[in-house]
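*Asks:* got a sequence here, can you build the structure:
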Amino acid sequence: MGARRERRLLETAAPMMQPGETPEVIAMAKVGSLRKVLGEHFALSVATAVLSGGTMFSITSQRELYLLLTDRQLLFFEADVHTGGPGKALFGVPRTHVAITEPTGGFLVKFELRIHGWDQVLALSMPPFPPSMRKKGLRLIAGLPRLQHANS
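*Replies:* So this is what the prediction gives:
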């Protein structure tokens, strides 16, 4: 993410932050499982491929989010579908209310984000390219607490 996009995201985040709150890292993540996306649209994808003579025209994608980790909270922003830059602010969660599963994968790092009080889990993956975004994603992951297992 370039300096201009980071500046724009921080400007959007300003009203959500408390006085003295310090931004630590901005990262991009893809939400959901591509397998689930394909599963939901599998019949449509096959029908499209058959009707188009084997050429696949249907495009499936995961939703992208920007995440801002501050010293106090984790803020969520949608990614603008037209520019790829940060869009509107979605919500913020105190850092004490979030935990992640142990990340898996090598090339594509995946993990689940759980928010205290929510029934739903966010399946997230960090984009491997460009390398600078991958590094920021790994810094974000390092800054989030891991889920404690009941057996531990």
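
*Asks:* CA only for contacts and neighbour counts going forward, please
*Replies:* Will do.

*Asks:* burial of I141, as a residue count?
*Replies:* Other residues lying near I141 total 22 when counted by other Cα atoms under 10 Å.

*Asks:* tell me how far it lies from H82.
*Replies:* Remark: distance between I141 and H82 (Cα to Cα, to the nearest Å) = 27 Å.

*Asks:* then G20?
*Replies:* Applying Cα to Cα, the value for G20 to H82 is 33 Å.

*Asks:* what does Y66 give?
*Replies:* Plainly put, Y66 is 15 Å away from H82 if you go by Cα to Cα.

*Asks:* mind checking which of the two has more residues around it?
*Replies:* Each of Y66 and H82 has its neighbours counted (other Cα under 10 Å); Y66 has more, 24 against 7.

*Asks:* so for the residue nearest the centre of the chain, what pLDDT did the model give?
*Replies:* Nearest to the mean C-alpha position of the chain, counting by Cα atoms, centre = their mean, stands A29 at 2.6 Å. In this prediction, A29 carries a pLDDT score of 94.
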